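# The sequence isn't on hand, but the structure is:
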């Protein structure tokens, strides 16, 4: 009896070792303490996924832009903007983990001085990296089953959307910014709409710049897409939407997409600001499915 008591006391006196998980990040594999209690989030794609997993951050951005993420940010301490951390606020919060990425990618080295930091940037492969980040966050917060269920449901919706758009012709993706228009190809920032859905490009050699290739309305007319997918940057950042007015002209009206009603105005905030987030991607697929269900 005395031996058992002594053993129990010895076990109680031994410090508990925090569990760790190894996850894939934009900077490679990292070992992270599991189930961190205080987290600060500087990436809206990550906040999108955390909200879907049921994980609430204690610190986040002064403006999350997206209506569907307002509840996720409610009550959290403001620790900076997408581009500029508030280091005093971070110091006061004392986070166990900082989640950065995307527009905060460049400040990761500074954030690492404050607390363990993971870079969850989604860039080269929106769908693949997005699902990888979802899996990683599920592992960190003990939400593996929820992450797996979200992934399975998304893959089913992706397959359904791919089937709905099959054989519908060539697609051009454009983003308006007031009166200006840019085009994006399969290798561009919105290229997953081509690659994941199998949508053939209306123009094969679009310049692969971060902000797309600046184009004219003549470019759209000459490309003559069967489908025109439109993202409105102004609307995405909280300004007055203008894409419909910008594109409503004789040159665009001369395309097959306009004549057949296959100009699809996507809700721009999620795909522009939270690209790769599981809710963002699901919402975009829902809109494309709805557009083709109207036939």
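Okay, I see it. Since this is a predicted model, take the numbers as computed values, not measurements.

# what does the host helix or strand of residue 24 rub up against?
Take DSSP states H and E as the rule and residue 24 turns out to sit in strand 20-25. Where contact means Cβ atoms under 8 Å, 6 or more residues apart in numbering, the residues beyond strand 20-25 that reach it are 29-34, 118-120, 132, 135-136, 139-140. In short, each C-beta sits where N, CA and C put it, glycine included.

# ok, and the most crowded of the residues you listed?
residue 120 (30 neighbours; other Cβ atoms under 10 Å).

# residues contacting the closest residue to that one other than its chain neighbours?
Closest residue to residue 120 apart from its sequence neighbours, by Cβ to Cβ, 6 or more residues apart in numbering: residue 101 at 3.9 Å. Residues in contact with residue 101, defined by Cβ under 8 Å, 6+ apart, are 26, 42-43, 45-46, 119-122, 133.

# and if you look at residue 100?
42-43, 107-108, 111, 117-120 are the contacts of residue 100 under Cβ under 8 Å, 6+ apart.

# same thing but 6 Å
Contacts for residue 100 (Cβ atoms under 6 Å, 6 or more residues apart in numbering) come out as 42-43, 108, 111, 117, 119.

# Could you report the distance from the nearest residue to it once chain neighbours are set aside to residue 82?
Nearest residue to residue 100 in three dimensions, chain neighbours excluded: residue 42, at 4.4 Å (Cβ to Cβ, 6+ apart). From residue 42 over to residue 82 the distance is 7 Å, taken as Cβ to Cβ, to the nearest Å.

# So which of the two has more stuff around it?
Shown here are residue 42 and residue 82; by other Cβ under 10 Å, residue 42 has more neighbours (32 against 19).

# didn't the more buried one look like it was pressed against residue 105?
No. Contact criterion Cβ atoms under 6 Å: residue 42 and residue 105 do not qualify, at 9.4 Å.

# what about residue 85, how many residues close to it?
Count around residue 85 with other Cβ under 10 Å applied: 22.

# same question, residue 251
What residue 251 shows, counting by other Cβ under 10 Å, is a neighbour count of 15.

# try residue 254
Count around residue 254 with other Cβ under 10 Å applied: 14.

# excluding its backbone neighbours, what's nearest it?
Using Cβ to Cβ, 6+ apart, the closest residue to residue 254 is residue 221 (5.2 Å).

# before we move on, the earlier item: closest to residue 256 out of the contacts of residue 100?
residue 43 (38.2 Å; Cβ to Cβ).

# who's in contact with that closest one?
Counting by Cβ under 6 Å, 6+ apart, residue 43 touches 100-102, 104, 120.

# Then residue 186?
194-195, 201.

# how far is stretch 197-215 from where the chain is centred?
Relative to its chain's centre, stretch 197-215 lies at 20 Å (Cα atoms, centre = their mean, to the nearest Å).

# In the stretch 101-250 of the chain, where is pLDDT below threshold?
Applying pLDDT under 70 to the stretch 101-250 of the chain picks out residues 208-211.

# can you give me the helices for it?
Applying DSSP state H, counting those that start in this stretch to the stretch 101-250 of the chain gives helices spanning 108-111, 126-140, 144-165, 192-195, 217-223, 233-236, 243-247, 250-253.

# Residue 263: which of the ones you listed is closest?
Nearest to residue 263, of those and by Cβ to Cβ, is helix 243-247 at 7.1 Å.

# buried residues in that closest one?
The neighbour-count check on helix 243-247 (16 or more other Cβ atoms under 10 Å) flags 243, 246-247 as buried.

# thinking again about what came up before, if we only consider the contacts of strand 20-25, which is nearest to residue 61?
residue 120 (14.4 Å).

# Quick one: the strands in this structure, in order.
Here the chain has its strands, by DSSP state E, at 20-25, 28-33, 39-41, 59-60, 77-78, 97-100, 117-119, 170-177, 180-184, 200-201, 213-215, 227-232, 263-265.

# Can you tell me which of those is most buried?
Among the strands of the chain, strand 39-41 has the highest mean neighbour count (mean count of other Cβ atoms under 10 Å), at a mean of 28.

# gap between that strand and the chain center?
Centre to centre, stretch against its chain (Cα atoms, centre = their mean), the figure for strand 39-41 is 16 Å.

# contact partners of that strand?
For strand 39-41, using Cβ under 6 Å, 6+ apart, the contacting residues are 47, 57, 59-60, 79, 95, 97-99.

# Next, format the residues you listed as CSV and append distance to residue 291.
Output for the contacts of strand 39-41, formatted as CSV (distance: Cβ to Cβ, whole Å):
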residue, distance to residue 291
47, 27
57, 34
59, 38
60, 32
79, 38
95, 41
97, 39
98, 39
99, 33
